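Student: Sharing a model prediction with you, sequence too.
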Amino acid sequence: MNKNKQRKFKFQRQTALLLTGALLAGLLPLGTVTKSRAAEQPALRNPRILKTTQEVAPGSSEKIELKYPITDSKGITTWDCIWFGNYWQEDTNGDGKADKNDEKTPIKWRVLSVEGDDVFLLADKNLDCQKYNDTFTNVTWETCTMRSWLNGYGAEANREGKSYRENGFLNYAFTVDEQSAIRKTNVVNRYENEYGTKGGNDTSDQIYLLSIGEAKNPAYGFTSNEDDTKTREAENTVYSLCRWEKDSV
């Protein structure tokens, strides 16, 4: 049941300047902090469909206005993008594989929506390969190991009793200042999906995965997964692919 997972998060903006960023899901208050790849970007707006992707490359001083995704007449969606946080993604040391011996590189995010001061982001590529839960058992999002790994929760938060306070995604991808900028989001899990699966209790998390409904929401640019559009598909980083291949052996 290994799945390459995209990460998402929400963050808050101030009038025109992003001062911090984050990786998965949460609200980012932008007032203080560190060097962020999104630091030079001004006002964020809802995504819309564009002919070309507007983005600010790592280290660039260029300023753009982020908006909602845009879908053209052929159903091809373009998202505005920013960089925030760092994670293992590529083979930086030239040894033929991507692992934790390589350097972390900036994470690119798609702008899914902008509502007032809240900006909803999704990782542009699949960043890692993790099991939803470490053992095959009946478990919901609330007590699965994936949730604990993403948010750096302790052993009390998951059914397997495993602590991720030191080795979770939140700590791996973000500095302490960046982590403090990611607000918790109320994740609604209680509704049954279209397959009749119950999601369990609602949770409050900084980072979480897309729900089926979110992954099919055209407002976020997910118009189709057929033919040449495939807006619900994402590429793997070299690191996530190596992780998948290793776990599949």
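Tutor: Structure received.

Student: what's the span of stretch 134-153, first residue to last?
Tutor: End-to-end span of stretch 134-153 (Cα to Cα, to the nearest Å): 15 Å.

Student: Buried residues in it, which are they?
Tutor: Residues 134, 139-153 are the ones in stretch 134-153 that count as buried (16 or more other Cβ atoms under 10 Å). (Each C-beta comes from the backbone N, C-alpha and C, glycine too.)

Student: quick one, strands of the chain?
Tutor: 2-5, 8-12, 44-49, 66-71, 77-78, 81-88, 104-115, 118-123, 128-131, 185-187, 203-205 (DSSP state E).

Student: can you tell me which helix in the protein is longest?
Tutor: helix 238-248 (DSSP state H).

Student: which residues touch that helix?
Tutor: 2, 4, 87-91, 97-99, 102, 125-129, 236 (Cβ atoms under 8 Å, 6 or more residues apart in numbering).

Student: and that helix, average pLDDT?
Tutor: Helix 238-248 shows an average pLDDT of 82 in the prediction.

Student: Output that helix as PDB - backbone C-alpha positions only.
Tutor: Only the C-alpha atoms of helix 238-248 are listed here, as PDB (Å, rounded to 0.1, in the frame of the first residue of the first chain):
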ATOM      1  CA  VAL A 238      13.900  11.200  -8.100                       C
ATOM      2  CA  TYR A 239      14.000  10.700  -4.300                       C
ATOM      3  CA  SER A 240      10.400   9.600  -4.100                       C
ATOM      4  CA  LEU A 241      10.900   7.200  -7.000                       C
ATOM      5  CA  CYS A 242      14.000   5.700  -5.300                       C
ATOM      6  CA  ARG A 243      12.000   5.300  -2.100                       C
ATOM      7  CA  TRP A 244       9.200   3.500  -4.000                       C
ATOM      8  CA  GLU A 245      11.700   1.200  -5.800                       C
ATOM      9  CA  LYS A 246      13.500   0.300  -2.500                       C
ATOM     10  CA  ASP A 247      10.200  -0.500  -0.700                       C
ATOM     11  CA  SER A 248       9.000  -2.600  -3.600                       C
END
